[in-house]
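K.L.:
Sequence first, predicted coordinates after that:
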Amino acid sequence: ESTSNQYRIDSFNIQHTNVNEIIKFVRSHIQQRQEEQLRDIKYNIQQKHH
């Protein structure tokens, strides 16, 4: 029940948020994911070389 409420709040916020804010949020989220993936790749490469 709480998760559906949370979802409702999130969708409400998104509907009433400036599009630019949403884009900014998504961009930063994507950037964060990419950095995590890069870190994983670097780590894997280092492991292979050892």
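P.N.:
Arrived safely.
K.L.:
shaky segments in the chain?
P.N.:
Scanning the chain for pLDDT under 70 picks out the ranges 1-17, 50.
K.L.:
how about 50 then?
P.N.:
Scanning the chain for pLDDT under 50 picks out nothing.
K.L.:
quick one: secondary structure of residue 32?
P.N.:
helix (DSSP: H, G, I helix; E, B strand; the rest coil).
K.L.:
Tell me, how many residues neighbour it?
P.N.:
10 (other CB atoms under 10 Å). For the C-beta atoms, the positions are set from N, CA and C on the backbone; glycine is no exception.
K.L.:
got it, and the one 4 residues further on?
P.N.:
Close neighbours of residue 36, defined as other CB under 10 Å, add up to 10.
K.L.:
for this structure, what spans make up the strands?
P.N.:
Remark: strands of the chain are absent; assignment by DSSP state E.
K.L.:
just the helices in this protein please.
P.N.:
Under the criterion DSSP state H, the chain contains helices at 2-15, 19-49.
K.L.:
So which elements touch the last one?
P.N.:
Which is helix 19-49. With contacts taken as 3 or more CB pairs under 8 Å, 6 or more residues apart in numbering; DSSP states H and E, helix 19-49 sits against no other helix or strand.
K.L.:
Swap in 10 Å and give it another go.
P.N.:
Helix 19-49 is packed against helix 2-15, with contacts defined by 3 or more CB pairs under 10 Å, 6 or more residues apart in numbering; DSSP states H and E.
K.L.:
Give me the neighbour count for residue 29.
P.N.:
The burial count for residue 29: 10, using other CB under 10 Å.
K.L.:
wait, I meant residue 40
P.N.:
For residue 40, using other CB under 10 Å, the count is 10.
K.L.:
contacting residues for it?
P.N.:
Residues near residue 40 by CB atoms under 10 Å, 6 or more residues apart in numbering: none.
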